[in-house]
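# predicted structure and sequence below. I'll ask about it afterward.
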Amino acid sequence: MFGIDLSEMLLIVAVAVVVIGPKDLPKALYAAGKITRKIKMFTSDIQKSLDKIIHEEELSEITRNANLPGGPNLQFEVERQLAEEEARKIAIAPNEKHDATD
């Protein structure tokens, strides 16, 4: 844990008991826990924001690369695949009606 050995941790606890006092030690530990929790929440929010920014940048890079002259035109490709799918549905539909009448 943070590179602190057991003997070092015991020394820190002993100094804390002497400096803070056994009566106020629980309050101090509670306050330290609240501060630690706030720091973790803050860093978590920052990490989420950075992940979102990175994701958006990756999407914009993909879009830029897709729209380069001479590159694959994704809009055309999507429209072509949708048209092919629609044609397949139309081609299958008469066969389904024919099979139902047999």
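Done, it's in.

# what ranges do the helices span in the protein?
Remark: helices assigned in the chain by DSSP state H are 6-20, 25-66, 74-101.

# now those helices in CSV, with mean pLDDT and mean neighbour count?
Yep, even glycine has a C-beta here, placed from its N, CA and C like the rest. Shown next, in CSV, are these (pLDDT from 0 to 100; neighbours: other C-beta atoms under 10 Å):
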stretch, mean pLDDT, mean neighbour count
helix 6-20, 88, 11
helix 25-66, 90, 10
helix 74-101, 72, 9
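
# and the chain, what are its domain boundaries?
1-71, 73-102 (automatic domain parsing).

# run the chain-centre distance for the first one.
For domain 1-71, the gap between its own C-alpha mean and the chain's C-alpha mean amounts to 16 Å (C-alpha atoms, centre = their mean, to the nearest Å).

# do the same with stretch 81-89
Relative to the chain's own centre, stretch 81-89 is displaced by 35 Å; criterion: C-alpha atoms, centre = their mean.

# and it, C-alpha only, in PDB?
Output of stretch 81-89 as PDB, limited to C-alpha atoms (Å, rounded to 0.1, in the frame of the first residue of the first chain):
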ATOM      1  CA  GLN A  81     -26.100  -1.300 -48.600                       C
ATOM      2  CA  LEU A  82     -29.500  -0.100 -47.500                       C
ATOM      3  CA  ALA A  83     -30.600  -0.200 -51.100                       C
ATOM      4  CA  GLU A  84     -29.300  -3.700 -51.500                       C
ATOM      5  CA  GLU A  85     -31.100  -4.800 -48.300                       C
ATOM      6  CA  GLU A  86     -34.400  -3.200 -49.500                       C
ATOM      7  CA  ALA A  87     -34.000  -5.000 -52.900                       C
ATOM      8  CA  ARG A  88     -33.500  -8.300 -51.100                       C
ATOM      9  CA  LYS A  89     -36.600  -7.700 -49.000                       C
END
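
# that's all I had, so thanks and see you.
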